[in-house]
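Student: Give me a model of this one.
(chains A and B)
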Amino acid sequence: MLALQILIDGFAISSLYALGATGFTLIFGVSGVLNLSHGAIMVVAAVIAWAVAGSFPVGAYGGALAGVLASLVCAFFTYRVIVRPIQDSRAIPKEEKEIFVLTATLLWGIMLQEAIAYFFTNNPKTVRPLIDGVIMIMGVRTPLNEILTAALSWGVIGLLWLLVNRTRTGKSLLAASMNPRGLTLLGFELSNIYLLVWAIYGVLAGIAGVLLGAFLGVSSDNAGTLTASAFSIVVLGGLGSVSGSLIAAYVVGYLETLTAYLVSPSIRTVPVLLLLVAVVYVRPQGLLGRR
Amino acid sequence: MFRSRTFLLAAPALVILALLPLGVDGYILGLLTLAYYYAVFAMSWDLLFGFAGEVNFGPSFLIGVGAYTAALLNHYWHWPIPACLIVGSLAAVIAGVVLAVPALRLTGPYFGLVTLVAVLLLQNVIVLFAGVTGGEIGLDLPDVLAIDDNTNYYYALSFMTVSGAILYGLSCSPVGLILQASGQDAVEASALGFNVAKHKLAAFCISAFFSGLAGAMLIFYLGTASVGTVVDIAVGVNVIIAAVLGGRRTIIGAAVGSIFLIGAGEILRPLGQLSTFVVSAVALLVILFFPGGFLGRVLQAGGRE
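Tutor: Have a look, this model is predicted:
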């Protein structure tokens, strides 16, 4: 009974983690950017979805759409206004670009977080679930929304896989992650590809944020933790490796759920952190990393 | 060194700061006292990042270890303050070595992540053993540095001046140059016969020593040790922002950045919740448009001093 409960809850949580981390790892894989405003963008999506669904007669779906749009806008803004100028800047030495992008996205994340806290307070908000109702799976009460969360996460990840592996545009993304210079020599405009990646990222982070808001509830205070968990999952799986992130998301999701159910919810994150330190020391490239 | 531009800027500024208690009320002195301890955090972070090229995302791990060691010794065994400070900073160095020896094999984001995780773990440990450490509420200390505002202010100012001088002197010394070289091109530096790992480890230890000492002094100034003041990620983020804002690779810039950060946070207090937003926005603008920070342009205009 408890085992089944852990299995179901862990699966839903892990699917969400996987979705959130996929966008994060995609950006890193293709353009080499670690976006530390990731958690804040997810929070923006969830809170906008909550606010729109609450104040306009558009229903849960309209709210969710608004949330994803908000996340898309944030992602574009992050790229055009913050990441791109740093990458193009001549005043910043090449080897320090990485830390500048990290610091700038971190600051941008704090700004988003504070803006949300200012306009919507930092109380936890629960987005209205897309579907209501509860079903029993072999005696375990499971909200339908939890199943929808897992299904949607996997649906979106599946679509992304199709896009990357089966379409021409997707293949150019893949090529950009392998050899950007080669791609420009073939006549592709690299900046268009980066824009596309950030657009995909915005949609992924938005969906993940809205689903998270409906599943667990979100407060602006969660932004840092969300970024940290995406970062840990991505490093555990291997920076830039999407399949690695998926596996790592399940490892992290189940480890947290197991700890929360069997030991104590208060130390939920500790085993993950220890595992992360161990993996980074023994195998710095992560589970499926290339480097 | 006495003719260098840094010295010409720093000496008059220090004289003005030393004369401040004559004309400024206790509240502002208290703020500046806090800012000076942050300045030491930021300067020791700059030694590691600006010179050794290692991004330490967890300065508050070293700060927290130093602070909590001192706090526990003082709270439970009533050790005198100087002994607590010494043991606290040594504990920070030991923690730094334990963290750095394996972590320095990693580079870039991996090193950053490990240092970040170290902070999260320390925070969890403190909250888990709340019975001993006081948990989220904090640990009150029987002893304080001084009750008088002016005395506290001079303690902090002289501590910042001495640490700043040592760190700055170090950064200009041959050791500092080797560090800078290994930060920019580790392969070439080791090809020239310098032991890169040894120098980086030394930088880490020095950084840990000053961070731990400043952390321990800060809690004896505040009279209480809590996660929010010395361990929280937000503390580390502020330290990093201060150092980058003031101008990386200048040491002194980090101090300027800290004073600015604390001062700006206070001036913007009427804005309430928005003050953090505005401070972050200003910091972001500086990073985007003046990547050298406040002092970058002034100090580095003529190349190496």
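Student: count of neighbours near residue 272?
Tutor: With no chain named, the answer covers chain A. For A:Val272, the count of nearby residues is 22 (other C-beta atoms under 10 Å in any protein chain shown). No exception for glycine: its C-beta is placed from N, CA and C like everyone else's.
Student: oops, chain B please
Tutor: Neighbour tally, B:Gly272, other C-beta under 10 Å: 9.
Student: before we move on, what about the one 3 residues further on?
Tutor: Residue neighbour count, defined by other C-beta under 10 Å, stands at 17 for B:Ser275.
Student: so it, which of the three states?
Tutor: helix (DSSP: H, G, I helix; E, B strand; the rest coil).
Student: if you skip the residues just before and after it, what's nearest to it?
Tutor: B:Leu268 (3.7 Å; C-beta to C-beta, 6 or more residues apart in numbering or on different chains).
Student: Tell me where the chain has strands.
Tutor: Picked chain A for this. A:134-137, A:140-143 (DSSP state E).
Student: wrong one, chain B
Tutor: With strands called from DSSP E, chain B shows them at B:139-140, B:224-225.
Student: Highest mean neighbour count out of those strands?
Tutor: Most buried of the strands of chain B by mean neighbour count (mean count of other C-beta atoms under 10 Å in any protein chain shown) is strand B:224-225; its value is a mean of 22.
Student: what separates that strand from the chain centre, distance-wise?
Tutor: Here the centre of strand B:224-225 is set off from its chain's centre by 18 Å, with C-alpha atoms, centre = their mean, to the nearest Å.
Student: Which neighbouring elements make contact with it?
Tutor: helix B:59-77, strand B:139-140 (3 or more C-beta pairs under 8 Å, 6 or more residues apart in numbering or on different chains; DSSP states H and E).
Student: go with 10 Å
Tutor: When contacts are defined as 3 or more C-beta pairs under 10 Å, 6 or more residues apart in numbering or on different chains; DSSP states H and E, strand B:224-225 sits against helix B:59-77, strand B:139-140, helix B:196-222.
Student: Contacts only, for residue 49.
Tutor: I'll assume chain A. A:Ala49 makes contacts with A:60-71, A:125, A:127-128, A:206, A:209-211, A:213-214, A:218, as judged by C-beta atoms under 10 Å, 6 or more residues apart in numbering or on different chains.
Student: other chain: chain B
Tutor: B:Phe49 sits next to A:96, A:99, B:55-56, B:59, B:183, B:203, B:207, B:240, B:243-244, B:248-249, B:254 when contact means C-beta under 10 Å, 6+ apart.
Student: and which of those residues is nearest B:Leu85?
Tutor: B:Leu85 lies nearest to B:Ser207 out of those, by C-beta to C-beta, at 17.0 Å.
Student: Please tell me how far that closest one sits from B:Phe294.
Tutor: Going from B:Ser207 to B:Phe294 by C-beta to C-beta, to the nearest Å gives 21 Å.
Student: And for A:Leu287?
Tutor: Distance of A:Leu287 to B:Phe294, given as C-beta to C-beta: 43 Å.
Student: How about the residues of the stretch 151-291 of chain A by chain B?
Tutor: Where the stretch 151-291 of chain A comes near chain B, counting by C-beta under 10 Å from any C-beta of the partner chain, the residues are A:224-225, A:228, A:231-232, A:234-236, A:239, A:264, A:266-270, A:272-274, A:276-277, A:280-282, A:284-286, A:289, A:291.
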